[in-house]
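**Q** Quick one, fold the following:
(chains A and B)
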Amino acid sequence: MGVSEWFKERLGLDDLPFFRTPDYMYKVEYWLGALVAGSFIYTVISGLILLLYYNPEAGYSSTETLIQEVPYGSVVLYSHLYGAYAMIILAYVHMFRNYFDGAYKKPRELLWILGVLMLVLTLGTAFLGYSLIGDALATSAVDVGEGIITSIPSLSFLIPILFGNYDAGDYGRVLAWHIILVALIGVLFMLHFFMAEHYGMMPSKKEKNKAPAVYTKEEWQKFNPWWPRNFVYMTSLVFMTWGFILLIPNALAYLNGLPQELNPFLNPKPAPPPNSPAAAHITTYPPWFFLFLYKIADFTSDVVVFLLIGVIIPLIYLLLVPFIDRSPYLDLKKRRLFTAFGILMITYLIQTTIWGDLTPGVEIPVYQQVIVYLPPAVITLAGVFLIPTSRKAVASPYGTLGFLVASLLFSGSLVTLVVSPSALTATVFALFAVLFLLAARSLTPVAIKVEKQSQQPEPQPVVSESPRNLEVKKRLAEVLISLLFIMSVVLAAQLWTIPATGYASNMFGVDLGLIFVMLGEAISLYHYVVYRK
Amino acid sequence: MIKFRLGKDEKEVLDYSNLTFFRKLASKIRDPRTKFDVKEFAKRGDDYLFNYVNKNVGSVDEKRRKFLKSLVFGIAAAAVVGIIPGVRVLVPPTITSVSGFPKSLLVDSSGNPIKASSLPVNSPVILLFEYPMTGEPNFLLNLGDSKGNPVEIPPTTVTIPQTGKTYQFPGGVGPNKSIVAYSAICQHLGCTPPYIHFYPPQYVSPAQLTASEPDQLSAEALLAAKQNHVPALIHCDCHGSTYDPYKGAAVLTGPTVRPLPAVLLEWDSTTDYLYAIGAIGVATYPNGANGVPSNDPTDDLSNSYGSPVGDKTTASGTENPFSS
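**A** Model prediction:
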C-alpha cells in the first residue's frame, strides 16, 4: 500500500474534482464515455506513429510503403482504422444510452450539446482520414463529397479550402484538416470530461427519477473516491478496448475474398489506386459510417433535400432535444414521443446503412421508400404508446426497448428482403428473426410472471448472493488471474518471434491485442475480488 | 448445523467470512508454535487476543490482495515486454540512397545471363525486367520487320508532346542493333502489363479491332501504324495510348502526352550478355506525371518504388496475351 499512498499524497488524488462513484455504477454501461475516450486516445497515439511515415504528396504509395516495409506498419495502420471505427460505434452507443436515460436534461444540457458536436467532428475526421489513403475508394468518396458541396453554388468556395489540390494528388490540406479536427475533438473532450465529472455519472432511475438527476454533496461524500477503485476499474476497461482494437483488424487482415457486401465493414486493407486497371473493376463504396448518407443520396437528386434529411434535421433535433423535451421525467414511459424518436433514429440508421450496403447507388422510387420507412414508424409509435403505464404490468424498460428494436429490425429486414431478395438480405432477415424470437421469448416469462404476481400480490423477497457463492466466485477469479498471467507470458515470448514485415506481421497485432484483453480482464477480476461485497 | 441459504423467517447469525476467520483462528490457537498463552489471555482479555490475532492470523485479505496485485503487474510487465519488439515501428526501413543508375546484368528466371543473340524476334510473350528499382517493370524487345527479320534501330530524336522538348534516343543494341527496352508503365495513367504490351506485326491487323481486352487495337492506332509505316506497336488497352517501339517509344496516338522512357542497354559482344545501365526520357510514371513531366530520369531512383535492383535483374516472360 505504500506506493499507492505515496502517489495519492503527492498527486493530491483525494482532492481531484472527480466524481465519487456509488457501488452500483461499476458496470460497463455507466462507463461508455470512458470506452469512447479510450479508443480516442488509442487512435491519437497510433495516428502520431503513422504521421512519422505518411507523405501527403504520395498518399497511396506512402501508405503502401507503410504496409509493406515499415516494421509493424500494417499493425499500426489497421488498428488506427479500427480505433476510429470503435470510437464511432461507441460514441453512438454512448449517445443513445444517454438519450434514453434522459441525460440531456437539466443540468447536463451543455454536456449533451458538446457530445453531439464531438460526434459530428469525429465523423468529419474519419472521412478526412479515409481520404488520406488515396485509393480508388477514397478518391471516389472525395469526388462524392465535392459533388455535394459544388451542387450548392454558394458553398463551392469551400472546396479548395477543404481539399486543396487533392485531385492532383496533393493531400497536404486533408492531412492538416484531419489533425486540426482531432485537436478540436481533444479540446471539446476536456470540457466534456470535466463537466461530466462535475455533474457525476447519470444516476440509476431507481435512485433519481427526475431531473435534475444529480447526487447531493452529502450523498456524494459517501461514495467511493476516484483513487484507487475508479482508477482500477477504468484501467481494465481501457485495456480491453485497446485489446479489441488491436485484435480485430489484424485478425481480419487474414480474411481474403470477402463478399462485396461485407467489404465496407470488415476489410481493413486499402483498395487499388484510382489510376490502376484494377480500379475499373471494383465497386466503389463509402466507409460504413457514411453508407446511410450514401443511400439517402439515392432518394433524391436535390442536394438541399438530401442534406436536410441526412444531416441537418437529425442534427438540429439532437442539438435542441434538451430544450424540446423539458419535462423533468426521466422514465421512458413518461416521455413516449422522445422514446419513439430515439428508437426510430436507431432503426433508420441501421436500416439505411444496410440498404446502402446492398444497393449502392441504385435509385429508389418513392413507393419503396414508403414501404421501408413507414412500418417501423407505425410499429414504434403504436408500441411505445401501447405500453401500459402501470409499473407492475411491464418488464424492465430496457427489456421492452430491446423487444421493440428487435421487432423493428425484424420487420425492416423483412421489407428489405421483399424489395431486394438476395442471399445476404435473407441472412440478415434470418438473423433478425432469431433476435426477434429470442426477445419475444425473454419477454414471455415476464408477462406470465406478472399475471401470477397479480394473483398473489405478495412480493418475492430479494435473494442476494450468498456469501459462500461470492467466496467461490472470488476463488475462481483468482485461479483465472493466475491462468491469464501464464498465458500472457507465453504470448509475450511469442511476440518476439514474429517478423516485423510481411504476411505474418499482423500476428503481432493479434497477440498484443490478446495480451491487452487479458490484462484488462485480469484487472477487472482483481477489482471483483478486492472490491466486490 | 450451518445453513448458507436462509429460509423465509430465518435470520443470519454469522457471516461466512467471519466463520472462515474463526476457523483459522481456532487452528492457530491449537498450533503450539504460535504459543497461545491461556493465562495471559485470562488476565488481559480482549487486548491480548487482539495482539495475538494481529501477530499470527493477520489480515487474510491483505496477503491475497498483494498476491493478486503482483499477478496483475506481472501481466502488465508481459505486455510491456511484448511491446518492446514493436518499438521497431519507429525505425524507418533502411533508405538506400542511390546516386546513379546501377549497371545490372539481365538474367533469366533461373539466374543465367540472357544471350542477346538468342532473344526471339517480335515475340508476343511479354518479357519484363525491373530497373532501376523494384516495382519498375520494363519491356525487353528484339524488334524485327514484318517478315520476322531483326531490324537495326537507328538513333533518333524523340519529342515530348506535352512540353515540346526533345531528347536523343541512342538506338538498339545487340548483334543486329535491334534490341531495345522501354518502361512498361503507361505514361497516360499508369496501366501496367498485360493492359499495355507489344503488338508484333502479325497482330497489327484489322482482326484486332474486335479482339477482347487486353488485345484490342483501336482504329486510331491501326491508322497511325499504317500512316507511319510502323510494323509493330506498343499499345495500352486501358485508354488506347500507342507508342512507336522503332522510334524510342515516341507517341503515336493519345491520350498519352509523353513517350515511354527508354532503358539504356549495353551489349558485351564477347560474352553476348546484356546490361541495363541507365534510363532516358521522362521519368517513370507517376513521377513527373502531375502536370509537367520531369525530364530528369533519375527520378526513377526515388525510393517510393522499392529498393534498387542491384547488379543483376531478372527478365522473365511467361504471359502471351494473344493466346489467352
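**Q** okay, CA-based contacts and neighbour counts for the rest of this
**A** Fine.
**Q** Neighbours of residue A:517, how many?
**A** 26 (other CA atoms under 10 Å in any protein chain shown).
**Q** give me every residue that touches it.
**A** A:239-244 (CA atoms under 8 Å, 6 or more residues apart in numbering or on different chains).
**Q** pretty sure residue A:402 contacts residue A:439?
**A** Yes. Using CA atoms under 8 Å, residue A:402 is in contact with residue A:439, at 7.1 Å.
**Q** Next, show the common contact partners of these two.
**A** Counting by CA under 8 Å, 6+ apart, nothing touches both residue A:402 and residue A:439.
**Q** which residues touch residue 170?
**A** You didn't say which chain, so I picked chain A. Contacts of residue A:170 (CA under 8 Å, 6+ apart): A:56-59, A:164.
**Q** let's do chain B instead
**A** B:154-156, B:264.
**Q** Point me to the residue of chain B nearest chain A.
**A** Nearest to chain A, among the residues of chain B, is residue B:82, at 4.4 Å (CA to the nearest CA).
**Q** Give the closest residue to that residue in space, chain neighbours not counted.
**A** Of all residues not flanking residue B:82 in the chain, residue A:492 sits nearest, at 4.4 Å (CA to CA, 6 or more residues apart in numbering or on different chains).
**Q** Name the helix or strand for the one you found, please.
**A** For residue A:492, the host element (DSSP states H and E) is helix A:467-495.
**Q** Domain ranges for the chain, per the record?
**A** In the absence of a named chain, this looks at chain A. A:27-223+A:300-323, A:331-454, A:468-531 (automatic domain parsing).
**Q** You answered for a different chain; I wanted chain B.
**A** Split by automatic domain parsing, chain B gives B:16-90, B:104-323.
**Q** Just say which of the ones you listed is most tucked in.
**A** domain B:104-323 (a mean of 20; mean count of other CA atoms under 10 Å in any protein chain shown).
**Q** gap between that one and the chain center?
**A** Distance of domain B:104-323 from the chain centroid (CA atoms, centre = their mean, to the nearest Å) equals 23 Å.
**Q** Output the lowest mean pLDDT helix or strand found in the chain.
**A** The chain I'm using is chain A. helix A:423-455 (a mean of 68; mean pLDDT, DSSP states H and E).
**Q** try again with chain B
**A** Per mean pLDDT, DSSP H and E, helix B:46-52 ranks last in chain B, at a mean of 75.
**Q** hey, C-alpha coordinates of that helix in CSV?
**A** The C-alpha trace of helix B:46-52 is given here as CSV (Å, rounded to 0.1, in the frame of the first residue of the first chain):
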residue,chain,number,x,y,z
ASP,B,46,-9.5,-8.6,24.6
ASP,B,47,-6.2,-6.7,24.4
TYR,B,48,-4.2,-9.9,24.4
LEU,B,49,-6.4,-11.6,21.8
PHE,B,50,-6.2,-8.6,19.6
ASN,B,51,-2.4,-8.5,19.6
TYR,B,52,-2.3,-12.3,19.1
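**Q** Report the buried residues of stretch A:85-102.
**A** A:85-88, A:90-102 (16 or more other CA atoms under 10 Å in any protein chain shown).
**Q** And for stretch A:308-316?
**A** A:309-310, A:315.
**Q** Chain B contacts on chain A?
**A** Residues of chain A lying near chain B by CA under 8 Å from any CA of the partner chain: A:49, A:52, A:61-62, A:65, A:69-73, A:168-169, A:275-277, A:466-468, A:478, A:481-482, A:484-485, A:488-489, A:491-493, A:495-496, A:500, A:512, A:515-516, A:518-519, A:522-523, A:526, A:530.
**Q** quick revisit: other SSEs contacting the least confident helix or strand of chain B?
**A** Identification of packing neighbours for helix B:46-52 by 3 or more CA pairs under 8 Å, 6 or more residues apart in numbering or on different chains; DSSP states H and E yields helix B:38-44.
**Q** For the helix it packs on, give me every contacting residue.
**A** B:48-49.
**Q** any idea how far it is from the chain center?
**A** Counting by CA atoms, centre = their mean, helix B:38-44 comes out at 83 Å from the chain centroid.
**Q** what's the pLDDT at residue 30?
**A** Here I'm looking at chain A. With respect to pLDDT, residue A:30 scores 92.
**Q** that's the wrong chain, I meant chain B
**A** 84.
**Q** Now do the strands in chain A.
**A** Assigned strands in chain A: none (criterion: DSSP state E).
**Q** With pLDDT as added columns, please give the buried residues of stretch A:308-316 in TSV.
**A** Listed next are the buried residues of stretch A:308-316 as TSV, based on pLDDT from 0 to 100:
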residue	pLDDT
A:309	88
A:310	89
A:315	96
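**Q** Run through the strands of the stretch 101-250 of chain B in chain order.
**A** B:104-107, B:126-130, B:137-142, B:156-159, B:166-169, B:179-183, B:196-199, B:233-236, B:242-244, B:250-253 (DSSP state E, counting those that start in this stretch).
**Q** Contacts only, for the residue of chain A found nearest chain B.
**A** For chain A and chain B, the shortest gap (CA to the nearest CA) falls at residue A:492, measuring 4.4 Å. By CA under 8 Å, 6+ apart, the contact set of residue A:492 is A:511-512, A:515, B:78-79, B:81-82.
**Q** Many thanks, have a good one.
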